[in-house]
Structure formats: structure tokens, C-alpha cells
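Chemist: Just need the structure, nothing else, for what follows:
(chains A and B)
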Amino acid sequence: MIDRTFVGVVSEPRTIGVEKGQLRFFAKATGETNPIYFDETAARAAGHRALPAPPTFTFSLALGAPPKRGDIFGDMGIDMRRVLHGEQHFTHHRTIYAGDDITLTTTTTDIYDKKGGALEFVVQDTAAVNQHGELCIEMRVVTVVRNA
Amino acid sequence: MNASIRLPTIKVGDKLPEHVQGPLKRGTLALFAGASNDHVLLHIDSDFAKEAGMPDVFGHGMLSMAYLAQMLTRWVPQDRLRHWNVRFTAITPLYATIRCRGEVTEIFEENGERRARLRIGAFIDGDKQTLDGEAVVAIN
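Modeler: Below you'll find the predicted structure:
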């Protein structure tokens, strides 16, 4: 059983740079053909100030900067072999760009179980704020842990 | 590459062009693991996946969600996406082809703008659904 005292725990803020090389790698790995995601000239022509991070990229930023407090694979001690991704939510306020420094803060909002504890669910909400203090993305990750 | 549709003409029942990616190969998963910072070994190490009781490595849920994002951003520019979510309803096995589909279910006003609600989903071979969700886009 996951320690329920993690509910309400807020991570320390952690800042990660958005690298254009990684955005290009992400575009390649996902078979992206829209040039605004890998060609700066095309991105600018479409009105962007740099390569935009695609809509799910905040999930990758968070994996790249795991928190010390409230990390499912860290202090929560969840076994990587038992996890599944249950749900994923994004709310978009403004675009994240290559060159931005994004500060992430993660709150563990809920932990609950189903099927008599055979499945546990960890709900975590992360806010992504850019170097100007502007809220860019809010995301919710629901992780499922298989105990049976 | 900008939106290929005229936003004011969007109506309930409109279907987004189906977006197809795959088949998922081992190399696809390895590249996505690196590119997405997702180092969970269930997706890249067959020995690890089998020890965990899975038949083999399987696709990252977030890879299919990235494909859904591509469907949406081919339909409207990314800055029109307001909020969206999915439930991962089944595992995406190796060698699957992923078909992303979306349909407009509602047109409504919110926060002073016209918005469309979409039902979105990812499907694999045999039309089995792997992701089921909703997206809201601005269509002013």
C-alpha cells in the first residue's frame, strides 16, 4: 500500500530548460511531419518565436526533472514493474518554447484504491510556469499501481 | 502548415481527418523513451517486461497521446487547444498501428470565445480502443 500521507504533499519547485535538440528528437521519435516542430524558419513563419513544445511535452519535462518530494519512483517507493498510466489531462494557457526555463511544481492530490486494494491510483497535478512567471500548462497524471 | 479547415464552419458531427501512425516497432519505443525522458523499462527491455508479467514490451501511453496531439494540431493550430484529457483503456502492443479519430460533439461559448468539444480516441487493430478522451478547442 502506498503511504497515504503523501496526499497533499507539494514538491519543491524544479526548473528545467527546454532544449531545441530534444524537441527535434521528440518530433523525430513521434513521426512528426509538421515542420513548425523541428524547423525554426517554419516555426517563425507560423508566428512562433522559437520551436514550440508540442502539446504533451510537459509530461516529458516533468520526467526530466523528477521532484525529491512526492516522486512515485523515488520517495513513494512504487515499483516500476507495477505501474500503468491511467489518465492524462492537460490545460493549456500559453505555449512553451525552445529556450524557455520551465519551473514545475507537483502536488499529490489524491491516492485511492479499487478492487480491495488490488489497484491503487495516484493523482498528481503539476503546474508549469515559464521564466516570466507566466503559467503555461497545468497537467494531471493518474498513475495506476497493480498490486495483485 | 496551418489549419486546413475554416474555423467558423465547424459544426457538431464533423469528423477530424483520421491520423494513422505506426506500426510500433521496438526501435519506435526505444527512440520515444529517449526523446520523451520516459525511461520506464517496461517499454524498452523485453526481459524486464516479461519479468513483470507482460508478454513483451508495449507502447507508451504518451506516444499514442502524442499521435492524438498531431491529429488535433493538423486540424487547428496548437494555440487553440484549451484543455484535453484521455483515459488509457488498453495497452498498445508491439507492432500495432494506431488510428486517431475525433468528432465534434458540441459547440459552445466559454470565457468569451466560441469553442468546440471533441470526442477523441486512439484505436488499434481490430478497432480496439486504447485511448478515450475529450478535447476543447477555440474556434473563434
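Chemist: domains of chain A?
Modeler: Chain A breaks down into these domains under automatic domain parsing: A:4-18+A:56-146, A:19-52.
Chemist: where do the helices sit along chain B?
Modeler: Assigned by DSSP state H, chain B shows helices spanning B:26-36, B:46-51, B:61-75.
Chemist: Is it possible to get TSV of these that adds mean neighbour count, distance to chain A and mean pLDDT?
Modeler: C-betas here are computed from N, CA, C, even on glycine. Below are the helices of chain B laid out as TSV (neighbours: other C-beta atoms under 10 Å in any protein chain shown; distance: least, C-beta to the nearest C-beta, whole Å; pLDDT from 0 to 100):
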stretch	mean neighbour count	distance to chain A	mean pLDDT
helix B:26-36	19	4	98
helix B:46-51	14	7	96
helix B:61-75	24	4	98
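Chemist: Tell me which of those helices lies nearest to residue A:28.
Modeler: helix B:26-36 (7.0 Å; C-beta to C-beta).
Chemist: and residue B:86, what is it in contact with?
Modeler: A:87-88, B:61, B:65, B:68, B:120, B:122, B:131-133 (C-beta atoms under 8 Å, 6 or more residues apart in numbering or on different chains).
Chemist: and of these, the nearest to residue B:6?
Modeler: For those, the residue nearest residue B:6 by C-beta to C-beta is residue B:120; the value is 20.8 Å.
Chemist: Show me what that closest one is bridged to.
Modeler: residue B:102, residue B:133 (DSSP bridges).
Chemist: how close does residue A:50 get to residue A:135?
Modeler: Distance of residue A:50 to residue A:135, computed by C-beta to C-beta, to the nearest Å: 19 Å.
Chemist: Counting neighbours, what do you get for residue 39?
Modeler: Went with chain A since none was named. Under the neighbour criterion other C-beta atoms under 10 Å in any protein chain shown, residue A:39 is assigned a count of 14.
Chemist: wait, chain B
Modeler: 12.
Chemist: And for stretch A:100-110, what's in contact with it?
Modeler: With C-beta under 8 Å, 6+ apart as the test, stretch A:100-110 has contacts from A:6-18, A:53, A:58, A:61-62, A:65, A:67, A:70, A:96, A:121-131, A:136, A:140.
Chemist: Please save the CA atoms from it in CSV.
Modeler: Output of stretch A:100-110 as CSV, limited to C-alpha atoms (Å, rounded to 0.1, in the frame of the first residue of the first chain):
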residue,chain,number,x,y,z
ASP,A,100,12.4,28.6,-22.0
ASP,A,101,13.2,27.7,-18.5
ILE,A,102,10.2,26.0,-17.0
THR,A,103,9.6,25.7,-13.3
LEU,A,104,7.4,22.7,-12.3
THR,A,105,5.6,22.2,-9.0
THR,A,106,3.8,19.0,-8.4
THR,A,107,1.0,18.4,-5.8
THR,A,108,0.0,14.8,-4.9
THR,A,109,-3.8,15.4,-4.9
ASP,A,110,-5.2,12.0,-4.1
